[in-house]
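> I'll drop the sequence and a predicted model, then ask my questions.
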Amino acid sequence: MDTIASLFSFITWPVSWVIVQFHKLYGAIFGPDTGWAWGLSIVSLVVLIRICLIPLFVKQIKSTRNMQVLQPKMKAIQERYKSDKQRQSEEMMKLYKETGTNPLSSCLPILAQSPFFFALYHVLSAIASNKKIGVIDQTLLDSARQAHIFGAPLAAKFMNSAEDVAALGASLTDVRVVTAIMIVMMSASQFFTQRQLMTKNVDLTVKTPYMSQQKMLMYIFPVIFAVMGINFPVGVLVYWLTTNVWTMGQQMYVINQNPTPGSKAQDQYLTRLLKSVTAHGEVRGRTRRNTVKRIVAKGPDRNDIERKFVTGLAKLGLAAQEDGTVAKSDTAAAEAESGAQRRQQPKRQSKSQRQTGAVQQGAKDAGSATSKTSLQKQDEKSQQDEKPKTPSRASSGSSRQAKSGQRKGPQRPKHPSKK
């Protein structure tokens, strides 16, 4: 680590100058030799660097989203030209150029602050070795060596020996307890930041290798920070913990205000926006109007979450306009209801449900057939009971005449000549 930090020695002078300026400010409040003065100076250095890196952070967010959208197209190019690596690279670069995506933009904030990180490490290592560096003279060096954060010197490390820690005026137990807590907090903040990105700000309808890669990094990065953290001075741990907390808060703000389309965060954001429109009857805020404007511009290419938002506006009798506002519409509610009816489909049953239904229908048919047969038998029995047991002669004669085809009723007497 010392060898790598020495490569960025050219930036140690501006880093040490910034720390000294902040130390003058906080030293007048808390005292020049206190850990609060030096610790808050490092925190202020982080805040200043991260404010300067906000444009790069915005590019990182846009690049990450573009990479998520392009994953299916990139996978198709890899499958199509898997035997021609040169053509595959050309098509990838063409795709990046057409969409304005830079794969390296997602790493820009980390790469940009790396020189400051290693320069701070170089400064704190010089303080631990009692060496002047940058604008830190002997007076400031003695003051920094006396500064402790919860009993741990700024230049102390978890792996220092008891003699090294005693030279800084502290005990090994205090140093290891403080550094262990800070390492755990640093790793936990890194894990939560990545988990927040994966669970809330990713389009779950698109399954790509990029998502699997990000999920793997969610577990790898905290482990890397934990292993490296035992070799970081306390001042560097303060720096890295502060930058992780800043990243977590900055990302939380971006997710809540400008979520990825199709993600869980977008559903929550549009739900809040719909409640605001319901309460006030208008879209308040430029950011929210820009969101509505983008949804209107998509037209039929809206995702399910955006269509649900437009339908919610229609039920209120409102229609989204191209400028991001909403206006009353008499036909919006009717169109929303008719569209919902057209989209409504019967719920598809599973195989087990279909089999159960078939068995129940068969039992029902068998029961109806059995009841029908029993009813027929009862009818036949009732008909037999209604018939007289000893039929009369007239009735038997009439029945015989009916069988022989003779006419019913009284017969004409035969002619005497035919007797």
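That came through fine.
> Please make it C-alpha for all contacts and neighbour counts, starting now.
Noted.
> Could you report the neighbour count for H280?
9 (other C-alpha atoms under 10 Å).
> how close does H280 sit to R286?
15 Å (C-alpha to C-alpha, to the nearest Å).
> again, but for M228
Taking C-alpha to C-alpha as the measure, M228 and R286 are separated by 43 Å.
> now swap in D174 and tell me
Noted for D174: a distance of 51 Å to R286, by C-alpha to C-alpha.
> now do K215
Looking at K215 against R286, where the rule is C-alpha to C-alpha, the gap reads 34 Å.
> now swap in K24 and tell me
Using C-alpha to C-alpha, one obtains 40 Å as the distance from K24 to R286.
> Which of the two has more residues huddled nearby?
Summary of the neighbour comparison: K24 and R286, criterion other C-alpha under 10 Å, with K24 having more neighbours (15 against 10).
> Would you confirm that the more buried one contacts P32?
Yes. The criterion here is C-alpha atoms under 8 Å, and K24 meets it with P32 at 7.4 Å.
> Mutual contacts of those two, please.
When contacts are counted by C-alpha atoms under 8 Å, 6 or more residues apart in numbering, the set common to K24 and P32 is empty.
> Export the helix or strand that contains G249 to PDB, keeping only CA atoms.
Following DSSP states H and E, one finds G249 within helix 234-257. Extracted C-alpha coordinates of helix 234-257, given in PDB (Å, rounded to 0.1, in the frame of the first residue of the first chain):
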ATOM      1  CA  VAL A 234      -7.700   5.400  11.400                       C
ATOM      2  CA  GLY A 235      -7.700   8.700   9.400                       C
ATOM      3  CA  VAL A 236      -8.100   6.700   6.100                       C
ATOM      4  CA  LEU A 237     -11.000   4.700   7.700                       C
ATOM      5  CA  VAL A 238     -12.700   8.000   8.600                       C
ATOM      6  CA  TYR A 239     -12.200   9.100   5.000                       C
ATOM      7  CA  TRP A 240     -13.600   5.900   3.400                       C
ATOM      8  CA  LEU A 241     -16.500   5.500   5.900                       C
ATOM      9  CA  THR A 242     -17.500   9.100   5.100                       C
ATOM     10  CA  THR A 243     -17.400   8.600   1.400                       C
ATOM     11  CA  ASN A 244     -19.400   5.400   1.700                       C
ATOM     12  CA  VAL A 245     -22.100   7.200   3.700                       C
ATOM     13  CA  TRP A 246     -22.100  10.100   1.200                       C
ATOM     14  CA  THR A 247     -22.500   7.700  -1.700                       C
ATOM     15  CA  MET A 248     -25.300   5.900   0.100                       C
ATOM     16  CA  GLY A 249     -27.200   9.100   0.800                       C
ATOM     17  CA  GLN A 250     -26.600  10.500  -2.700                       C
ATOM     18  CA  GLN A 251     -27.800   7.300  -4.300                       C
ATOM     19  CA  MET A 252     -30.900   7.200  -2.100                       C
ATOM     20  CA  TYR A 253     -31.800  10.700  -3.200                       C
ATOM     21  CA  VAL A 254     -31.300   9.800  -6.900                       C
ATOM     22  CA  ILE A 255     -33.400   6.600  -6.600                       C
ATOM     23  CA  ASN A 256     -36.200   8.500  -4.900                       C
ATOM     24  CA  GLN A 257     -36.200  11.400  -7.400                       C
END
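> tell me which residues in whatever helix or strand comes next after it are buried?
Under the assignment DSSP H and E, the closest C-terminal helix or strand after helix 234-257 is helix 264-280. Of the residues in helix 264-280, 264-267, 269-271, 273-274, 277 count as buried by neighbour count, 16 or more other C-alpha atoms under 10 Å.
> so can I have TSV of those residues showing pLDDT and distance to T291?
As requested, the buried residues of helix 264-280 are exported to TSV (pLDDT from 0 to 100; distance: C-alpha to C-alpha, whole Å):
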residue	pLDDT	distance to T291
K264	85	16
A265	86	13
Q266	85	10
D267	89	13
Y269	90	10
L270	91	9
T271	92	13
L273	92	10
L274	92	12
V277	90	13
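> Show me which of those is closest to N160.
Closest approach between the buried residues of helix 264-280 and N160, by C-alpha to C-alpha: A265, at 44.4 Å.
> can you pull the contacts of V310?
V310 neighbours (C-alpha under 8 Å, 6+ apart): 319-320.
> Could you say which helix or strand holds it?
helix 304-315.
> Centroid-nearest residue for the chain?
Taking C-alpha atoms, centre = their mean as the criterion, K200 is the residue nearest the geometric centre of the chain, at 2.4 Å.
> Poorly predicted segments of this protein, please.
Screening the chain residue by residue with the criterion pLDDT under 70, one finds the ranges 1-9, 64-65, 67-69, 71, 102-108, 202-214, 330-419.
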